[in-house]
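Colleague: Got a sequence here, can you model it:
(one chain, ligands or ions: 1)
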Amino acid sequence: MTGVLIVGGSVAGVRTAQRLRAGGYAGSITIVDRERHLPYDRPPLSKDVLLADEPVFPSLLTAEEAENLRLELALGVAATSLDVTEREVGLSDGRSLGYQEALVVATGARARTSPWPGVLDVRCWEDAVNLRTALRRARSVLVIGAGFIGAEVASAARGLGLEVHLIDIAEVPMARHFGAEIGALFADLHRRHGVNTHFGATLDEIAERGGRFRARLGDGTEIAADVAVAGLGTELNTEWLTGSGLAVDSGVVCDAGGRAQNATDVYAVGDTARWWHPARKLLLRSEHWTSAVEQAGVVAHNILNQESPREHLSLDYVWSNQHDWKIQIAGTPGTGAHHLVQDGDRFAVLWARDDDELGGVLTVNWPQVAVQGRRSLAAGQPMSRLAEHLAGRLTPSV
Ligand code: FAD
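Modeller: Coordinates of the predicted model:
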């Protein structure tokens, strides 16, 4: 029996434990994770880990830090079931672990499995190390999927000097998030950096023979590459909650303070959690590092202060590094009308809601505007005000 049981020892779980201790929680805390590594961060796996001469393990919590915080780590063991009445989690080694005060579900997501044998993906440390090794032995790579992860892998592979083929079923990458015009800027970015892009392409066939992948696209294009890697999105690690009675609907359904429906003292944080957003009046699930950290803070507070719970009101924030772009996105960009402000090789895109209130901001190589955009979003300011402010700051080109 432990005081607080946290299932999932990545950023959401670890930050919850740290915030509980920072808030003065004196009871026992146990973190269970099916991976055998000490907790680590994922964003560097598709960036620095692939590019660095020596891969550095992106540690989130050392054994010493865990000891100092009196965190019990049960690594290499998966949660397999939850009984909310008995307040008990079943484990893959046959044991079960009870919790007295709270259970925190922080089991995140995994890479959607590709149906093609030998095609790599990148979600965990081993994946990144395998991909890194494979890329260093290769001269060419085929990347399937031009979302954030695929684009970052394509960018890293170009950084390593490989011939890169990037394919996506969408006519324009990222159009689903930002619309076709902004998506076209992403397509140009890849092309300018020498990526062979195949957008609007279906993958009819891919097979590995003699250590080389051969792919055939719907339009008959044949591609050969030494390595193939897929970024096909994610699937949630919620199977262990089946039969628990928790409401799981594209994520563990929670109130605005992270408390799960249909159970007492059960919370969910991070990629696997779908929280009620009181201002937008809908359930939102975010697969971004910053949201995981913020939710962890709210849940730690709410475990410690049941009489004065907090709500999570903040907006999405995500960053990505692709080629020479440092991308920052805040709020909810849309696919429709937007305002594009260009200043040399940096730019910002602003989206408004119907009433001109700023809804989302994307910046490229313009961190000051990203900060300003996040402030304007938080303050509910009009988009036109930020647009005018930016226009006033630009040096007119001669
Ligand atoms: P996860 O990180 O998915 O961790 C869940 C943990 O739960 C894992 O350790 C897993 O082993 C464990 N687990 C799962 N099931 C069980 C079980 N049944 N029993 C026990 N343990 C279990 N976000 C950004 O904002 N910017 C970026 O640039 C960015 N880059 C990324 C690059 C990569 C390659 C990846 C994979 C993600 C990236 N993200 C980025 C997203 C960000 O890393 C995630 O939002 C974040 O990791 C979510 O944390 P989490 O703790 O909720 O879940």
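Colleague: tell me which parts of the stretch 251-398 of the chain are close to the ligand?
Modeller: Counting by C-beta under 6 Å from any ligand atom, the positions of the stretch 251-398 of the chain adjacent to the ligand are G270, D271, T272, E287, H288, W289, T290, A292, V318, W319, S320. C-beta: built from backbone N, CA, C; applies to glycine.
Colleague: Name the SS class of the nearest residue in space to the fourth one that is not next to it in sequence, please.
Modeller: Closest residue to E287 in three dimensions, ignoring its sequence neighbours and counting by C-beta to C-beta, 6 or more residues apart in numbering: D271, at 4.8 Å. Following DSSP: H, G, I helix; E, B strand; the rest coil, we place D271 in the helix state.
Colleague: contacting residues for the spatially closest residue to Y99 that is not a sequence neighbour?
Modeller: In space, and not counting its chain neighbours, Y99 is closest to L5: 3.8 Å by C-beta to C-beta, 6+ apart. By C-beta atoms under 8 Å, 6 or more residues apart in numbering, the contact set of L5 is I29, T30, V32, V89, L97, G98, Y99, A102, L103, V104.
Colleague: Buried only: go through these for me.
Modeller: With burial judged by 16 or more other C-beta atoms under 10 Å, the buried subset of those is I29, T30, V32, V89, L97, Y99, A102, L103, V104.
Colleague: The residue of the stretch 201-350 of the chain found nearest the ligand and H312, how far apart?
Modeller: Closest residue of the stretch 201-350 of the chain to the ligand, C-beta to the nearest ligand atom: G270 (2.0 Å). Distance of G270 to H312, computed by C-beta to C-beta, to the nearest Å: 12 Å.
Colleague: re earlier: wait, the residue of the stretch 201-350 of the chain closest to the ligand touches Q295, no?
Modeller: Yes - between G270 and Q295 there is a contact under C-beta atoms under 8 Å: 6.4 Å.
Colleague: hmm, back to that, what is the nearest of the contacts of L5 to the ligand?
Modeller: Of the contacts of L5, the one sitting nearest to the ligand (C-beta to the nearest ligand atom) turns out to be V32, at 5.2 Å.
Colleague: pLDDT weak spots in the protein?
Modeller: Applying pLDDT under 70 to the chain flags residues 394-398.
Colleague: What are the boundaries of the helices in it?
Modeller: Under the criterion DSSP state H, the chain contains helices at 11-22, 48-51, 63-68, 125-137, 148-159, 175-178, 180-192, 289-304, 367-379, 383-393.
Colleague: Show me what the last one packs onto, helices and strands only.
Modeller: Taking 3 or more C-beta pairs under 8 Å, 6 or more residues apart in numbering; DSSP states H and E as the contact definition, the neighbouring helices and strands of helix 383-393 are strand 339-343, strand 346-352, strand 358-364, helix 367-379.
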